[in-house]
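Visitor: Pasting the sequence and the predicted model now:
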Amino acid sequence: MAHLSPIAPAVTCALLATNSGAAADATTNDVHCYIVYMQMGSSKEPGVQSAGIMGTLYFMGKLDGRNPDLDLENAILTEIPKLRGGVFNDEAARCQSELQARGQAETAMGKDMQQRAAKMQQEQNSH
């Protein structure tokens, strides 16, 4: 993550640029989320910074999985001007909802796996 820190000032400055519109596709949406969480990762508040790092890694994984050859740096620099003011806040809310839903699904899966493991253990012990 340390290699991203030089980009953070550019993100901050570019957010003051003109607004060019909303996201057009899944990759652009994920680039927007990556930018949102990258900003959070540069926060001085530990909780915000931690959430930013987790979100950045999650969306980088989605981007890499979809298109390993994506020029992420160029995509970031292309999309930053589109995230001014209210658009940034709207994207932050959308990204948070997505990450929250994924976290809830992960929690549910973990509980299900624990129940299944307990059932398997009971079956093995009964033989």
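Guide: On my side now, so go ahead.
Visitor: Pull out the buried positions in the top helix by length along the chain.
Guide: Across the chain, the longest stretch assigned as helix under DSSP state H is helix 86-125. Neighbour-count burial for helix 86-125 flags Val87, Phe88, Glu91, Ala92, Arg94, Cys95, Gln96, Glu98, Leu99 (criterion: 16 or more other CB atoms under 10 Å). C-betas here are computed from N, CA, C, even on glycine.
Visitor: One more: stretch 38-56?
Guide: Going by neighbour count (16+ other CB under 10 Å), the buried part of stretch 38-56 is Met38, Gln39, Met40, Gly41, Ser42, Ala51, Gly52, Ile53, Gly55, Thr56.
Visitor: ok, the nearest residue in space to Leu72 that is not next to it in sequence - how many residues close by?
Guide: Excluding the flanking residues, the one nearest Leu72 by CB to CB, 6 or more residues apart in numbering is Leu63, at 6.4 Å. Using other CB atoms under 10 Å, Leu63 is surrounded by 19 other residues.
Visitor: In this structure Leu63 contacts Val31, no?
Guide: Yes: Leu63 is within contact range of Val31, at 6.9 Å (criterion: CB atoms under 8 Å).
Visitor: So, low pLDDT: which residues of the chain?
Guide: 1-24 (pLDDT under 70).
Visitor: one step back: overlap in contacts, Leu63 and Val31.
Guide: Leu72 (CB atoms under 8 Å, 6 or more residues apart in numbering).
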